[in-house]
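> Show me the folded form of this:
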Amino acid sequence: MRALTHTLMAIAIATTSVAVRAQEWQPNGEKMGVQLYAKSSPDESLKTFKGVVRVKASMKQVLAAVLVRETFPEWVYNMLEDKTLTTDNADQSYCYIWIKGVWPTNDRDTVARVTVKQNPETLAVSVVAKSEEQHRVPLRKDRVRMTNMSSGFTVIPVSATETEVQLEGLADPAGSIPSFLTNMVADDLPAKTLSALKARLESGKVDVSVLDTVPFAQLSMQKIKLPQ
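Below you'll find the model as predicted:
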């Protein structure tokens, strides 16, 4: 009986170790100057993706890009529309996201709640959109509604003129899309989005004055502490 107990304990420990390792970020190469990472558990067919890039821009400049969602179609991969629905407060807002489908699939869309938080020690700011409250926007016949989507930017100050930007996310695209196609897009999305953001920032196309004029950005900046 004691031997059986020890065996079951060993199996449980081994299983837990595998699960923990499966949840760790694994390097997934580099594409377009962006470091890629992925992770998945044994019972999941979809990968969680992450891209990391450093840009020659201040933290304030980066925030002027990631806090103004209406500009996302200009640089976020396959983004057709990202429209703010409300500006409830500095902690959250709702947006409607419309994403171009990968041929031959239909376009996707979702309603998401956007939250902004800052780590008081590192000053890193996370801007996360997560699917919620789909009733806010009626369904469209030509679009497949995603009800399980999470995506967010993390903006980390490195110096006065350099900032690290991370893009992390997971989306169940809904509908009949092979998982291998979804995972392929999971590589393209962070690489193409972050490389476009880097080019946009380093070419001076981001105007920090939007932080004082766009309501959600303005509210968010009231609780964000910039590095000195």
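
> Every contact and neighbour count from this point should use C-alpha atoms.
OK.

> on contacts alone, who are the packing partners of the host helix or strand of Thr110?
Per DSSP states H and E: Thr110 is located in strand 107-118. On a contact count with 3 or more Cα pairs under 8 Å, 6 or more residues apart in numbering; DSSP states H and E, strand 107-118 meets strand 92-99, strand 125-131, strand 143-145.

> Would you mind putting the CA coordinates of it into CSV?
Taking C-alpha atoms only, strand 107-118 is exported to CSV below (Å, rounded to 0.1, in the frame of the first residue of the first chain):
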residue,chain,number,x,y,z
ASP,A,107,-13.5,38.4,-41.1
ARG,A,108,-13.6,38.2,-37.3
ASP,A,109,-14.8,40.7,-34.7
THR,A,110,-15.3,41.0,-31.0
VAL,A,111,-16.2,43.5,-28.3
ALA,A,112,-13.5,43.8,-25.7
ARG,A,113,-12.9,45.5,-22.4
VAL,A,114,-9.6,47.5,-22.3
THR,A,115,-7.8,47.9,-19.0
VAL,A,116,-4.6,49.9,-18.2
LYS,A,117,-2.4,49.0,-15.3
GLN,A,118,1.1,50.1,-14.1
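
> Check the offset of it from the chain's centre.
Averaged C-alpha coordinates place strand 107-118 at 9 Å from its chain's average position (Cα atoms, centre = their mean, to the nearest Å).

> who touches the closest residue to Val214 other than its chain neighbours in this structure?
With sequence-adjacent residues excluded and distances taken as Cα to Cα, 6 or more residues apart in numbering, Val214 is closest to Val68, at 7.1 Å. By Cα atoms under 8 Å, 6 or more residues apart in numbering, the contact set of Val68 is Val210, Val214, Phe216, Ala217.
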